[in-house]
Structures are given as C-alpha cells and as structure tokens.
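J.: Predicted structure and sequence below. I'll ask about it afterward.
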Amino acid sequence: MESGSLKPNYPKTRKPRKLPPNELSRYVDDNPDAFLSEIGEHFSCSAEAVRKALGKLKITLKKRPSATKNAARKQDKNLMKK
C-alpha cells in the first residue's frame with residue numbers, strides 16, 4: 001500500500017478580477033454621482049459586483065434611486081406652487 005500526499009498536483013491560480021481596485025477607485029473619484037448600474041456598464045459587470053467591490057474598498061455610500069412616480073409628481077407640483 002502506498003502512502004500519498006493530500007497536496008494537489010496542480011498550481012493554484014486565482015481568477016482575474018473583473019474590477020481592478022485602482023481603476024474602480026479612480027472612476028468613483030472622477031464620477032462621484034454615478035449610480036452602481038452606470039459603473040457596472042462602464043466595467044461590463046453587474047451592479048451587485050460593483051457594490052461588493054466598493055465594499056471591499058470601504059466605499060459604502062451609494063446614491064439611492066428616486067422614489068415612485070407618484071412621489072416625483074407631488075414634488076414637481078410643490079415646486080410649481082412656489
């Protein structure tokens with residue numbers, strides 16, 4: 001009976017990152033008002049991938065989407081009254 005090793009026979013490789021951290025932080029600095037979906041379009045990935053990458057960079061503040069259409073209409077009406 002042979003005794004073997006539990007070490008794998010192949011070298012471990014990491015997947016390339018879809019969002020390079022230095023490029024992502026530079027893009028956020030240049031475009032601070034960009035939505036997660038806009039950043040995702042720029043880097044060809046999903047908004048969720050952008051959110052996770054920004055979390056790893058300790059950039060957690062994100063722009064909230066606008067309210068419902070009814071709330072937007074009420075706000076427009078209030079602005080017209082003034």
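T.: Nice, thanks for sending it over. Just so it is clear, the model here is predicted, and its values are computed rather than measured.

J.: His42 is in what secondary structure piece?
T.: Using DSSP states H and E, His42 maps to helix 36-43.

J.: Return the set of buried residues in that helix.
T.: Using 16 or more other Cβ atoms under 10 Å as the test for burial, helix 36-43 gives Leu36, Ile39, Gly40, Phe43. (Each C-beta comes from the backbone N, C-alpha and C, glycine too.)

J.: Equivalent analysis for stretch 46-58, please.
T.: Ala49, Val50, Ala53, Leu54.

J.: Check what contacts it and list those residues.
T.: Contact with stretch 46-58 is made by 18-19, 21, 24-25, 28, 35-37, 39-40, 43, 60, 62, as judged by Cβ atoms under 8 Å, 6 or more residues apart in numbering.

J.: Just the C-alphas of that stretch, formatted as CSV.
T.: Written as CSV, here are the backbone C-alpha positions of stretch 46-58 (Å, rounded to 0.1, in the frame of the first residue of the first chain):
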residue,chain,number,x,y,z
SER,A,46,-23.5,43.8,-12.7
ALA,A,47,-24.4,46.5,-10.2
GLU,A,48,-24.1,43.8,-7.4
ALA,A,49,-20.5,43.1,-8.4
VAL,A,50,-19.7,46.8,-8.2
ARG,A,51,-21.4,47.0,-4.8
LYS,A,52,-19.3,44.2,-3.5
ALA,A,53,-16.1,45.6,-4.9
LEU,A,54,-16.8,49.0,-3.4
GLY,A,55,-17.5,47.4,-0.1
LYS,A,56,-14.0,45.8,-0.2
LEU,A,57,-12.6,49.2,-0.9
LYS,A,58,-14.5,50.6,2.1
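
J.: Any idea which helix or strand in this structure has the lowest mean pLDDT?
T.: Lowest on mean pLDDT, DSSP states H and E among the helices and strands of the chain sits helix 69-81, with a mean of 63.
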